[in-house]
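**Student:** Starting from these lines, generate the structure:
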Amino acid sequence: MTIEGLIPGFRPETALERELASDPAMLRGLAWGRPRPGHPEGSVGTHVADLLTAITEPAGRRRDELRFLALVHDALKHRVRPDAALSPDNDQHGVLARRFSERYTADPRILATLELHDEPYRIWRTRPHDGRCALEGILAQIPDLSLFMRFVELDGSTEGKTPGPVHWLRSELASRGYEVPEPPRA
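**Tutor:** Numbers count the residues shown, from 1 in each chain. Reported below is the predicted structural model:
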């Protein structure tokens, strides 16, 4: 099993990507998945391929960050227990991705984005109950809102994803006075 076989069209662009490409935990995670709501493409590797294709940033730091996030963000989903109800205790793939990534980076912006990337969706789903307060707690943990928002938009742009959470998050950020740049156009 090679990363190129798991992520259609993948070509490593950095030494870090080459290192990730040989990590057995990454390879197991990329192979996992079947078509399901929100992920009709099936495997994590195929989802990652879609994200990598959607990254339009030119070569440089931001592109490298987004590619790392795309590669790792769902790679530990296979460790979530599918037979148990989704809850903060059983939907920890973001926390697992963060812990895994700590072997490769100490950048708090990357680590926070990995850990919290699905929280806007979770809050959006339950927002009538306490969404504004929950969002404040998440925002307090994000050191680079621009990176976080770009990745949330990127992850939310693939087939099978509803645009509602991203629109809601943009609206909430605007109502709080945050300036979040529009995503780049393809």
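**Student:** lowest-confidence helix or strand of this structure?
**Tutor:** helix 119-139 (a mean of 81; mean pLDDT, DSSP states H and E).
**Student:** Give me the helices and strands touching that one, please.
**Tutor:** Helix 119-139 sits against helix 164-175, with contacts defined as 3 or more C-beta pairs under 8 Å, 6 or more residues apart in numbering; DSSP states H and E. Every C-beta, even on glycine, is put in place using the N, C-alpha and C of the backbone.
**Student:** report the angle between the axes of the helix it packs on and helix 119-139?
**Tutor:** 30 degrees (axes from the mean of the first three to the mean of the last three C-alpha atoms, to 10 degrees).
**Student:** ok, H117 touching E153?
**Tutor:** No - under the criterion of C-beta atoms under 8 Å, H117 is not in contact with E153, lying 10.7 Å apart.
**Student:** about what we covered before: if you count neighbours, what's buried in the next helix or strand after the least confident helix or strand of the chain?
**Tutor:** Sequence order places helix 145-155 as the next helix or strand after helix 119-139, per DSSP states H and E. Under the neighbour-count criterion of 16 or more other C-beta atoms under 10 Å, helix 145-155 has 147-155 buried.
**Student:** Can you lay out these as a markdown table showing distance to E182 and pLDDT?
**Tutor:** Output for the buried residues of helix 145-155, formatted as a markdown table (distance: C-beta to C-beta, whole Å; pLDDT from 0 to 100):
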| residue | distance to E182 | pLDDT |
| --- | --- | --- |
| L147 | 15 | 97 |
| F148 | 15 | 97 |
| M149 | 10 | 96 |
| R150 | 10 | 96 |
| F151 | 15 | 97 |
| V152 | 14 | 96 |
| E153 | 9 | 95 |
| L154 | 13 | 95 |
| D155 | 17 | 94 |
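**Student:** ok, of the residues you listed, which one's closest to R79?
**Tutor:** D155 (18.6 Å; C-beta to C-beta).
**Student:** Mind pulling up the pLDDT for the most centrally placed residue in the chain?
**Tutor:** Closest to where the C-alpha atoms of the chain average out (C-alpha atoms, centre = their mean) is H73, at 4.4 Å. Per-residue confidence at H73 stands at 95 (pLDDT).
**Student:** Report the contact partners of it.
**Tutor:** The contact partners of H73, by C-beta atoms under 8 Å, 6 or more residues apart in numbering, come to 94, 97, 114, 117, 151, 155.
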